[in-house]
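**Student:** Next comes the sequence, and after it the predicted model I'd like to discuss.
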Amino acid sequence: MELKSVVPWGRSLAEYIEMFSLTESDLKKSILGCGDGPASFNAELTALNGNVVSIDPTYQFDGLSLQSRISEVYAEIMPQMYKNQDKYIWESIASVEELGRTRMDAMQKFISDYEIGKKSGRYIHESLPELSFENNQFDLALCSHYLFLYSDHVSLEEHIASINELCRVAREVRIYPLLSLNGEISPHLKEVLSSLHNSAFITSLVDVKYQFQKGATQMLVVESV
């Protein structure tokens with residue numbers, strides 16, 4: 001991976017809570033965040049004495065490099081957000097300007113925590129579909145804005161392998177959103193569900209409170225029998 005190909009865009013603990021319908025009980029579990037990138041989820045939850053590990057291929061880079069790339073990407077993404085405002089619901093986040101402040105606040109919290117978190121093993125350079133963790137090492141695995149969203153870049157086979165791997169390392173898996181980048185339900189979703197059923201996993205599509213991308217109203221929950 002080259003740093004210039006990375007598009008860091010981080011979300012907050014509050015957003016994770018709504019995206020994944022996380023309860024107070026959930027936040028006390030051992031959690032794996034998959035594809036967290038520059039989200040402040042890990043930093044904020046750790047400050048609340050949570051037990052969380054984040055993985056992402058971008059964690060191969062140092063904090064200064066990521067900080068520089070965040071600034072570059074912010075300048076690129078914001079004009080696109082103004083251009084595509086109609087694709088989003090401006091309620092919990094009221095405007096493009098507020099979105100910019102929210103994202104930068106989350107990413108700055110991440111940067112402030114990043115080097116300390118790397119040393120303590122909370123930010124690990126890994127990526128799906130193969131993880132180094134033990135079977136059932138985590139109570140809960142969360143995958144935000146990677147699987148299904150990038151259906152044009154991640155094949156059906158990679159989706160199935162990745163979700164099976166998440167189910168290996170965690171007792172419960174939650175994935176959000178289920179839309180691809182074009183705003184439509186991922187073309188992989190139906191076949192992924194069929195594969196999981198054949199592997200005797202329990203799956204459910206669960207409504208979430210998080211409202212931002214139009215149509216992104218559900219998460220996929222996968223549990224072992």
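**Tutor:** All right, it came through fine.
**Student:** From His145, how far out is Ser65?
**Tutor:** According to CB to CB, to the nearest Å, Ser65 stands 21 Å off from His145. All C-beta spots, glycine's among them, are computed from the backbone N, C-alpha and C.
**Student:** Neighbour count: the two, which is higher?
**Tutor:** With neighbours defined as other CB atoms under 10 Å, Ser65 and His145 compare such that His145 has more, 20 against 13.
**Student:** chain center to the lengthiest helix in the chain: distance?
**Tutor:** As assigned by DSSP state H, the longest helix anywhere in the chain is helix 96-119. How far helix 96-119 lies from its chain's middle: 14 Å, per CA atoms, centre = their mean, to the nearest Å.
**Student:** ok, residues contacting whichever helix or strand comes after that helix?
**Tutor:** As assigned by DSSP states H and E, the chain's next helix or strand after helix 96-119 is strand 123-124. With contacts defined as CB atoms under 8 Å, 6 or more residues apart in numbering, strand 123-124 is touched by Asn42, Val53, Ser54, Ile55, Asp56, Tyr59, Tyr114, Gly117.
**Student:** which SS state does the closest residue to Lys29 other than its chain neighbours fall under?
**Tutor:** Nearest residue to Lys29, sequence neighbours excluded (CB to CB, 6 or more residues apart in numbering): Asp139, at 3.7 Å. Secondary structure state of Asp139, per DSSP: H, G, I helix; E, B strand; the rest coil, is strand.
**Student:** Correct me if wrong: Asp139 contacts Arg171.
**Tutor:** Yes: contact criterion CB atoms under 8 Å: Asp139 and Arg171 qualify, at 5.5 Å.
**Student:** joint contacts of those two?
**Tutor:** Here Asp139 and Arg171 share no contacting residue, scored by CB under 8 Å, 6+ apart.
**Student:** ok, now which ones touch the residue nearest the centre of the chain?
**Tutor:** The chain has Ser144 as the residue nearest its centroid, 2.0 Å off, counting by CA atoms, centre = their mean. Neighbouring residues of Ser144 by CB under 8 Å, 6+ apart: Arg11, Tyr16, Met19, Phe20, Gly33, Cys34, Gly35, Asp36, Ala39, Tyr176.
**Student:** Tell me both backbone torsions, phi and psi, for it.
**Tutor:** Dihedral pair for Ser144: phi -110, psi 120, per degrees, to the nearest 10.
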